[in-house]
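Peer 1: no FASTA, just this:
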């Protein structure tokens, strides 16, 4: 069983003061989405859809927080944003290794070939940063 790397947690909190809480929320909602995806309610609605909407909302907050922390300040292309998000999530995975299903989802979602992620992040960019989110 893997445990939390507290030294890495301290580094993350120091290097990503605005993003740390958002990353915690993002990882938890990704795990919820993975665990609920494909389940149906009594009326046939997908339980995972609720968590996917939460994922998108928290991802927006996380990207803004990473921008505040200076990690994605000048990124204009979604592919660069994906790669930076994967780097930060890799650091987060080193600190909190117990959320493997969430990290696996993130690696799939943020892969360069994933059209839904590409279109989602393209929608966030309008050429001048995150003005469409605000």
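Peer 2: That came through fine. The model shown is predicted, which means the values in this text are computed figures rather than measured ones.
Peer 1: so where's this protein shaky on pLDDT?
Peer 2: 1, 73-77, 112-114, 117-118, 122, 124-134 (pLDDT under 70).
Peer 1: and the longest helix for it?
Peer 2: Criterion DSSP state H: the longest helix present in the chain is helix 47-68.
Peer 1: So which bits of the helix or strand following that one are buried?
Peer 2: Following helix 47-68 in sequence order, the next helix or strand is helix 78-95 (DSSP states H and E). Buried residues in helix 78-95, counting neighbours by 16 or more other CB atoms under 10 Å, are found at 78, 81, 82, 84, 85, 86, 88, 89, 92, 93, 95. For the C-beta atoms, the positions are set from N, CA and C on the backbone; glycine is no exception.
Peer 1: Over to stretch 3-18?
Peer 2: Applying 16+ other CB under 10 Å to stretch 3-18 flags 8, 12, 16, 18 as buried.
Peer 1: now the longest helix of the chain, how far from the centre of its chain.
Peer 2: Centre-to-centre, helix 47-68 and its host chain are 7 Å apart (CA atoms, centre = their mean, to the nearest Å).
Peer 1: do stretch 19-28 as well
Peer 2: 8 Å.
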